[in-house]
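>>> quick one, structure for this:
(chains A and B)
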Amino acid sequence: MTIDMLGKRVKRVEDQRLITGKGRYVDDIKLQSMVYCAILRSPYAHANIRSIDTSVARGMPGVLDVMIGADIPYNPLPMAWPAGGSAGLQNNVNMPRALATDSVKWTGEGVAAVIAETPEQAFDALEGIAVDWEPLPTVVDAEKATEPGAPQLHENAPNNIVFDWTVGDKAGAAAAIDGAEVVVRQRVVNQRLIPNPMEVRGDIGWYNPGTDEYTIWMSSQTPHIQRILLAIFVMGIPEHKLRCISPDVGGAFGTKIFCYADYVVVLHASKRLGGRPVKWIESRRENYQSTIHGRDHITYLEIAGSRDGEVSAIRVKTFANLGGRLSTIGPGIPTTLYARVLSGCYKIPNVFAEVVGVYTNTVFVDAYRGAGRPEATYVVERAMDLFAGEIGMDPAELRRRNFIAPDKFPYENPSGLGTASGGAKIYIDSGNYEPAMDKALKMAGYADMAKAKSEARTRGKYLGVGLSSYLEVCGVAPSKWIGAVGEGWGAAMWESANIKVHLTGKTVVTVGTQPQGQGHETTYAQIVGHELGIPMEDIVVQHSDTQGTPFGYGSYGSRTSSVGSTAAIKAAGKIREKARRYAAHMLEASVEDIEVEGAEYRVKGSPDKKKTFQEIAFALDLAFDAPEGMEPYLDETAYYDTPNCTWPFGTHVAIVEIDEATGHVDLVRYVAVDDVGNKINPMIVDGQLHGGIAQGVGQALWEGAVYADDGQLLSGSMLDYAVPRAAWFPHLELDETVTPSPVNPIGVKGVGEAGAIASTAAVANAVNDALKPFGIRHLDMPLTPQKVWHAMQSSKGAQA
Amino acid sequence: MDAHISLTVNGKPREADVEPRRMLVQLLREDFDLTGTHIGCDTSQCGACTVTVDGRAVKSCTMLAVQADGGTVTTIEGMATEAGLHPLQAAFWEHHGLQCGFCTPGMIMAAADLLSRTTEPTDEQIRHAIEGNFCRCTGYQNIVIAIRAAAKVMRDGVAAPSTAVQGGM
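Next up, the predicted model:
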């Protein structure tokens, strides 16, 4: 009897190659006659290009080709998600080209490419390219960029505004705020981050002159989408003549979703060379200037309610920095994915948000782990703490009073996605917020915090405790929402799976999703093993090659467990049904009389009359005796369009100690109680939470992409950007509540981003709590020792 | 002007003619096809390139190939033996100490260095020993657990009970 692995802590299948150094990341791939590409990047944040002279570079050792923008005759990169979808909201779009032609809008924008026999020769030849620059004034702050007199980046974007998007009930929110007993206002900054997956991006472009076909290896989260975007929208080549392959991907966190300029450069370079493969791998410093950044919001928040703690309204105006030109879905992140969950897990009845997307002379901004939901959680959770402080109520008590009650689901949140096209209800699927918070408070010893604070003072420390009760929306996305006019990106976001069962019952599952560390080769096998009653050793999961996998939308937005899994379950269901019909044929019974238990297909009431799945597969794959109307082989494909998103939630509690003398913030304890529904593999779920929490803590305490006013990226390498280290974290304490999602058969909600969504606010709230004795109301992140120390000293001076 | 170097890599004698500016990591990845050692940064912070040279952990992106002349280099590819996986490799697998796997070879080599000097490290010692190895996926939690577990196996040959199950290969 095969053991059912669904729900178990199964060791990962992919680890065997990764722990022995036999993984295959894009830079590990060597092809015959492969050559190397180096890209010349602008040292200026804003400049016109008067001319480019590549003559010296062309003559340097090993150089095979030098390209500038005019040599690459394709369209600019596509805009796939303007804010407000296709509802007619004005978006002033400016997209990058493969190489910039007339001007550059950020330090690092590529203007020329050298192709040479070795990487060193390519790099050396960059020195041989002379660019005549005309430097222009720069602006890097999103709010300042909209003010009169700011340098203008694009003619079609007055005041550097990309869009001005609103959501929610403007009049209702205004009335609630005007009539409220208590209104708290605060400016909060969600600082720009550099995601820093451990593997930077890279690609190998290969043109086959024999077949006029292209292949590109790319460290990407979305090979199928890139095939469409590159072939149809950018290059105008037949889309069946482009194959996209993602080998092992060394982390991504959103950065590898998008359509990047270098894809076009390597593909075109290979064609110009008559078919030599062209490899481009960015350096880490280059990653900081050519791969997307995250977050970068400036928000004016208002939270209003009664003095006894009933929150009636939340209203925000957010300036969202989108960079010098737009990234593929940049506008969608600070609009739909941010403002539509602004009321969090609370029953706040009035919500209104205005989001202004802005151009500045910085790297483009797009989805980074959480994509809008960390920004929303930070706003609402800081707001709740500020409101609690204003009315003198315990922050946990304020949350408790305002949670959506468990009997109110499915719940339509104001400013939410609501009722989408065709009447599809994109409501919060299920929730039970209070037990998760109570569990977290108990684990953290919340009741004893006053005592803990006093004790810490005797050691010269200021102790603070911070909560983050979060709601997130993931498992993207139902077509009725994302494809809808007025909201989404005019395409869909279903998922696919093909299952082929071979002669001996060995099964190959191919899927349209794309792992970057989430363990899909294991989790899909757990699911299909469960569905078909076969051992995991008999299942192989293949992904990431557009040749050989059904079209799918890739992995991001914590969607694979909800949407991808269900496609696999549907495909398995088709396999099982056909096997059942063939079993009936083999056993000379009617189909209705065949019952299935695991891998056994037997006649009801005659337990001896049975066939195993493997016997059925053998016979059906040979099919010399198939019944009328049945085709040979066990090979089924399913596509699944989810009816709703999924909505994980939970409460995290952070406890920090601030050193009085140095301002250093020590994260002494971190407690997380998360409800992600049912779990396919609890070990993998915990791992996702650990990693997400670490990234969110990183934002609160250490990380930040810093630009000088002239657009130079000061945090330009790992010397200056604070990627968090092992010694900075405590052991994270995790627990769970389980509220299954009604949206998919397994009942999962997804977990890839939840940790990052919750944690930033918990730690920020903790530090701000610790600083209360200094009369400090709000300190922006990152809460570095320097910043904290200065704040403590300034307040002492003020109080002196 | 190339320099001729001879060294031992994963127990095998190797030779190469290298430019003086060539880094050890390039020698390993490009000349010897040992691509398990990874390049994650350009400023010696990240540790993905960690190997051991003469028994000590070294960031191979910051060592010239010519400096390894006459030396004994071990990479991730040299950790398993005919008897099976190294206890560190087995522990990383057992305890989900990796997700994308990119930092993993360097992390294991740094841990090997620690455990060659400290047979029963505290969690604090483990976290300090891997401060020069960045991981963006795991939050370091299961890496610390894995190293602790491997230390126990290396000390007394018996693994602690684990909650993970083998699904299949």
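>>> every contact and neighbour count from this point should use C-alpha atoms.
Will do.
>>> show me what A:Thr419 is bridged to.
A:Lys425 (DSSP bridges).
>>> what's the burial count for it?
A:Thr419: 14 surrounding residues under other Cα atoms under 10 Å in any protein chain shown.
>>> quick check: it vs A:Met718, distance?
Between A:Thr419 and A:Met718 the distance is 45 Å, computed by Cα to Cα, to the nearest Å.
>>> and for B:Ile108?
Computed as Cα to Cα, the B:Ile108 to A:Met718 distance reads 21 Å.
>>> quick one: which of those two has more around it?
The neighbour count for B:Ile108 versus A:Met718, taken as other Cα under 10 Å, is higher for B:Ile108 (29 against 18).
>>> and the residue in the stretch 101-250 of chain A positioned nearest to chain B, helix, strand or coil?
Across the stretch 101-250 of chain A, the shortest distance to chain B (Cα to the nearest Cα) belongs to A:Gly250, at 4.9 Å. Put simply, A:Gly250 is coil when judged by DSSP: H, G, I helix; E, B strand; the rest coil.
>>> I'd guessed it sits against B:Cys135; true?
No - between A:Gly250 and B:Cys135 there is no contact under Cα atoms under 8 Å: 10.4 Å.
>>> ok, the two, which is more surrounded?
With neighbours defined as other Cα under 10 Å, A:Gly250 and B:Cys135 compare such that B:Cys135 has more, 32 against 27.
>>> give me every residue that touches that one.
B:Cys135 sits next to A:198, A:725, B:103 when contact means Cα atoms under 8 Å, 6 or more residues apart in numbering or on different chains.
>>> secondary structure element for the spatially closest residue to the last one that is not a sequence neighbour?
Nearest in space to B:Cys103, with sequence neighbours left out and distances taken as Cα to Cα, 6 or more residues apart in numbering or on different chains, is B:Ala48 at 4.9 Å. Per DSSP states H and E: B:Ala48 is located in neither a helix nor a strand.
>>> ok, the one 4 residues further on next?
With the criterion set as DSSP H and E, the secondary-structure element containing B:Thr52 is strand B:50-53.
>>> what average pLDDT does that strand get?
Mean pLDDT, computed over strand B:50-53, is 98.
>>> strands of chain B, residue ranges please.
Ranges of strands within chain B are B:3-9, B:12-18, B:50-53, B:56-59, B:72-74, based on DSSP state E.
>>> ok, now the stretch 151-300 of chain A?
A:161-168, A:182-190, A:202-208, A:213-218, A:242-245, A:278-281, A:297-305 (DSSP state E, counting those that start in this stretch).
>>> can you list the ones you listed in JSON lines and add mean neighbour count and distance to chain B?
Output for those, formatted as JSON lines (neighbours: other Cα atoms under 10 Å in any protein chain shown; distance: least, Cα to the nearest Cα, whole Å):
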{"stretch": "strand A:161-168", "mean neighbour count": "22", "distance to chain B": "32"}
{"stretch": "strand A:182-190", "mean neighbour count": "19", "distance to chain B": "20"}
{"stretch": "strand A:202-208", "mean neighbour count": "25", "distance to chain B": "12"}
{"stretch": "strand A:213-218", "mean neighbour count": "24", "distance to chain B": "15"}
{"stretch": "strand A:242-245", "mean neighbour count": "23", "distance to chain B": "17"}
{"stretch": "strand A:278-281", "mean neighbour count": "26", "distance to chain B": "10"}
{"stretch": "strand A:297-305", "mean neighbour count": "23", "distance to chain B": "23"}
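>>> what's the closest non-adjacent residue to the spatially most central residue of chain B?
The centre of chain B sits closest to B:Met109, judged by Cα atoms, centre = their mean, with a distance of 2.1 Å. Counting by Cα to Cα, 6+ apart, B:Val51 is the residue found nearest to B:Met109 once chain neighbours are left out, at 5.6 Å.
>>> you'd agree that neighbour is up against B:Ile76?
Yes - using Cα under 8 Å, B:Val51 is in contact with B:Ile76, at 7.4 Å.
>>> now do the shared contacts for the two.
Contact criterion Cα under 8 Å, 6+ apart; residues shared by B:Val51 and B:Ile76: B:37, B:106, B:109.
>>> residues near the second one, how many?
It stands for B:Gly106. For B:Gly106, the neighbour count with other Cα under 10 Å is 33.
>>> and the contacts of the helix or strand of chain A with the lowest mean pLDDT?
Within chain A, no helix or strand scores below strand A:418-419, which has a mean of 75 by mean pLDDT, DSSP states H and E. If you take Cα under 8 Å, 6+ apart as the criterion, strand A:418-419 is touched by A:412, A:425-427.
>>> show me which of the contacts of B:Cys135 is closest to A:Met60.
Distance to A:Met60 across these (Cα to Cα) is lowest for A:Met198, with 32.8 Å.
>>> residues contacting the closest one?
With contacts defined as Cα under 8 Å, 6+ apart, the neighbours of A:Met198 are A:250-251, B:40, B:102-103, B:134-136.
>>> repeat that for 6 Å
Residues in contact with A:Met198 (Cα atoms under 6 Å, 6 or more residues apart in numbering or on different chains) are B:Gly40.
>>> which phi and psi does it have?
Phi and psi for A:Met198, reported as degrees, to the nearest 10, are phi -70, psi -30.
>>> assumed A:Gly389 was part of a strand.
No - going by three-state DSSP, the assignment for A:Gly389 is helix, not a strand.
>>> can you read off the backbone torsions of the closest residue to it other than its chain neighbours?
If the residues on either side of it in the chain are set aside, A:Gly389 comes closest to A:Pro395, at 7.7 Å by Cα to Cα, 6+ apart. For A:Pro395, the backbone dihedrals (degrees, to the nearest 10) come out as phi -60, psi -30.
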